[in-house]
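*Asks:* Okay, here's the prediction I keep looking at, along with the sequence it came from:
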Amino acid sequence: MPLILKFLSGLFLLWLTAAVALFLFQRKLMYNPNTPVRTPHRFERPDLEKVVVKPDGGPELTSFFAAPKKDKDGDLLPTVLYLHGNTGTAGDAAHKLIPIVNAGYGVLLLEYRGFGGNGGKTDERGLIADALAGARYIRDRLGENARVVYYGMSMGTGVANGLAAVLPPDALVLECGFTSMTDAAQVHYPLFPLRLMIKDSFDSKRRIASLTAPVLFLHGEKDSTVPVEQGRAMFDAAPVSDKTLKLYPDGHHVDLYDFGASDDVVSWLDRRFK
């Protein structure tokens, strides 16, 4: 066999081995509950009550809750259902909710199955079921008329859009969101046919087509994990008139709150609910 053919055959074998490994272990790569999200503020957190959320047919989920205050008319302000990303635990994101709680909004900091010591198998269907259980927990606790805002970060935007497609929110916040998990992964694994391989696609661009609620998009222009072009594409795909895209020129993937995102989220909520 000519040397060049041997080289190409060896290269193909390496590619094939990598593709098979990527397919077999994709969920271990996708979900990283044991890798903390390290930010300067990760040890700061609001005063939250530990609660248990129980999805239908799923494991009990230890999560964290703060009740909302009342607005000037005596009605409860909305509660934010926060859905974190694919790395670390809910506690890593708690600091981001301090301004929201201080502004009087309720919070359910949901911990997924397979994360934070919770049992269960982690996959797209299970995470959306967890989020649905979180939304139901809020209304069971506060009343059927309780208003709920879904707030997803990174992978959590896929969960939030999946939930919004089956149970519409009163508002939606998407931080560093992708058009789909497949599109986001293709940026990092360009040599593989991921559309044929990925099991948990989190097709947010398709799901957001049914949205009827106001939506806020937050994205860093220096985000190398989910490129800002995907955030812009999601903004364009949202069919509602009340939509806002806030870009942070120096923002990356996990640092938008260092550039004032907390004030932007609270101000956006206040304009709609106070």
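*Replies:* Perfect, I can see it now.

*Asks:* Excluding residues flanking it in the chain, which one is nearest Met197?
*Replies:* Phe23 (5.0 Å; Cβ to Cβ, 6 or more residues apart in numbering). Placement of C-beta: from N, CA and C, glycine included.

*Asks:* Ignore what I typed, I meant Met153.
*Replies:* Closest to Met153 by Cβ to Cβ, 6+ apart is Glu175, at 4.4 Å.

*Asks:* who's in contact with Met43?
*Replies:* Not Met; residue 43 is Phe. His95 (Cβ atoms under 8 Å, 6 or more residues apart in numbering).

*Asks:* tell me the average confidence for stretch 68-80?
*Replies:* The average of the pLDDT scores along stretch 68-80 is 95.

*Asks:* same question, stretch 258-274
*Replies:* 96.

*Asks:* could you pull out the strands for the stretch 1-150 of the chain?
*Replies:* Assigned by DSSP state E, counting those that start in this stretch, the stretch 1-150 of the chain shows strands spanning 49-53, 61-66, 79-83, 106-110, 148-153.

*Asks:* Ok, which of the ones you listed comes nearest Leu216?
*Replies:* Using Cβ to Cβ as the measure, strand 148-153 is the one of those that comes nearest Leu216, at 9.0 Å.

*Asks:* Report the angle between that closest one and strand 79-83.
*Replies:* Angle of strand 148-153 versus strand 79-83, following axes from the mean of the first three to the mean of the last three Cα atoms, to 10 degrees, is 30 degrees.

*Asks:* Tell me which strands strand 148-153 pairs with, and in which orientation.
*Replies:* Counting by DSSP bridges, the strands paired with strand 148-153 are strand 79-83 (parallel), strand 171-175 (parallel).

*Asks:* what's the spacing between the first one and its chain's center?
*Replies:* Here the centre of mass of C-alpha atoms in strand 79-83, compared against the chain's by Cα atoms, centre = their mean, to the nearest Å, lies 10 Å away.
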